[in-house]
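# Quick check, what structure comes out for this input:
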Amino acid sequence: IPAKDWDSFLAPDGSSSPFMEHAWLRCLEESGCASPSTGWVPQHLSVRIGGVSSVYVPLYIKGHSQGEFIFDAGWAEAAYQNGIDYYPKLLVGVPFTPATGERILLHPDI
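Modelled structure (predicted):
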């Protein structure tokens, strides 16, 4: 997703988290911090409605729960004990970022 397109969905009043900016996510990915080799496979979602991009979501395929601030070890253990694969999982979020805030970007006209 081009940076110009992604960032155009951030709040126009500047209230969006800087961690949702394209440059931040790209930096994490290009530096190798959030990359397939560290268990973060970027699969960012773009939803088009009527041929127009309407929603962007930072989405990662994960093979573990490291680097998240979602404490789901109990769920992973329960799945394991019941013979259910917990991984890989899809994570909507920003790697290594404990800050709260929006994680689903909507087109400004929605």
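
# Now the residue sitting nearest the centre point of the chain. Its backbone dihedrals?
Nearest to the geometric centre of the chain sits P58, at 2.8 Å (Cα atoms, centre = their mean). Torsion angles at P58 (phi, psi; degrees, to the nearest 10) stand at phi -70, psi 120.

# And it, how far from D7?
Distance of P58 to D7, given as Cβ to Cβ, to the nearest Å: 13 Å. Bear in mind the C-beta positions are built from the backbone N, C-alpha and C, glycine included.

# again, but for A76
In terms of Cβ to Cβ, A76 sits 34 Å off from D7.

# same check, this time on K89
27 Å.

# Repeat that for P98.
With Cβ to Cβ as the criterion, P98 and D7 are 22 Å apart.

# Those two - which one has more neighbours?
D7 (16 against 8; other Cβ atoms under 10 Å).

# Spell out which residues sit in contact with the more buried one, please.
E21, H22 (Cβ atoms under 8 Å, 6 or more residues apart in numbering).

# ok, now how distant is it from S37?
27 Å.

# do L106 as well
Taking Cβ to Cβ, one finds L106 at 32 Å from S37.

# got it, and P12?
36 Å.

# same question, E77
26 Å.

# quick one, helices of this protein?
Using DSSP state H, the helices of the chain run over 3-7, 22-30, 73-81.

# Using CSV, list the CA coordinates for the last one.
Think helix 73-81. Output in CSV follows, covering the C-alpha atoms of helix 73-81 (Å, rounded to 0.1, in the frame of the first residue of the first chain):
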residue,chain,number,x,y,z
ALA,A,73,-0.3,-17.5,26.4
GLY,A,74,-3.3,-19.0,28.2
TRP,A,75,-5.2,-19.2,24.9
ALA,A,76,-2.2,-20.8,23.1
GLU,A,77,-1.8,-23.3,26.0
ALA,A,78,-5.5,-24.2,26.0
ALA,A,79,-5.5,-24.7,22.2
TYR,A,80,-2.4,-27.0,22.5
GLN,A,81,-3.9,-29.1,25.3
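
# separation between the residue nearest to L45 when sequence neighbours are not counted and L91?
Once flanking residues are discounted, L45 sits nearest to V57: 4.1 Å by Cβ to Cβ, 6 or more residues apart in numbering. Distance of V57 to L91, computed by Cβ to Cβ: 11 Å.
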